[in-house]
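Asks: here's a sequence, model it:
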Amino acid sequence: MSIGRLPEHEQRVLDEIERALRRDRRLDRRLRTLRLSRWPDVPRLLPRAASYRPRGRTVAVLLAVSVALMVAGMVTSDPGVIGAFAVVWPLTLFAAFRLLCRWSGG
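Replies: The predicted model follows:
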């Protein structure tokens, strides 16, 4: 792979892409106001979580995984399996609750 200058036609294409990106005001604004944080933006996550509409298959798979992890945790007493169950079980309950709310028309 050479480290020399790009061929003329590739340089023209690259220049055109750069010009188009410079004209995009939304992209420019997003890049200027880009914040990297360690914590999720809770006010943005809550409406998304409230609008979550799981399918029946999704809830069935989550329920099967939860039951399998629960049984494996009881049999092995492995902290990793119990921790995985502790993570998956609330998600399963939330998805089942949202599915039942949708089915009941609420």
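
Asks: only C-alpha atoms from now on, for both contacts and neighbour counts.
Replies: OK.

Asks: where in the protein is pLDDT low?
Replies: Residues of the chain meeting the criterion pLDDT under 70: 1-4, 37, 106.

Asks: try it again at 90.
Replies: 1-7, 21-22, 24-55, 101-106 (pLDDT under 90).

Asks: for it, longest helix please?
Replies: Scanning the chain for the helix with the most residues, using DSSP state H, yields helix 79-104.

Asks: for that one, packing partners?
Replies: Taking 3 or more C-alpha pairs under 8 Å, 6 or more residues apart in numbering; DSSP states H and E as contact, the helices and strands that helix 79-104 lies on are helix 56-76.

Asks: quick check: buried residues in the helix it packs on?
Replies: Using 16 or more other C-alpha atoms under 10 Å as the test for burial, helix 56-76 gives 59, 62, 63, 65, 66, 69, 70, 73.

Asks: farthest pair within those residues?
Replies: 59 and 73 (20.5 Å; C-alpha to C-alpha).

Asks: residues touching the nearest residue to residue 81 once chain neighbours are set aside, list them.
Replies: Distances taken as C-alpha to C-alpha, 6 or more residues apart in numbering place residue 73 nearest to residue 81, at 5.4 Å, with adjacent residues excluded. Residue 73 makes contact with 79, 81, 82, 85 under the criterion C-alpha atoms under 8 Å, 6 or more residues apart in numbering.

Asks: any chance of those residues in TSV, plus neighbour count and distance to residue 18?
Replies: TSV is the format used below for the contacts of residue 73 (neighbours: other C-alpha atoms under 10 Å; distance: C-alpha to C-alpha, whole Å):
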residue	neighbour count	distance to residue 18
79	10	52
81	18	50
82	18	51
85	21	48
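
Asks: and residue 52, which of the three is it?
Replies: Under DSSP: H, G, I helix; E, B strand; the rest coil, residue 52 falls in the coil class.
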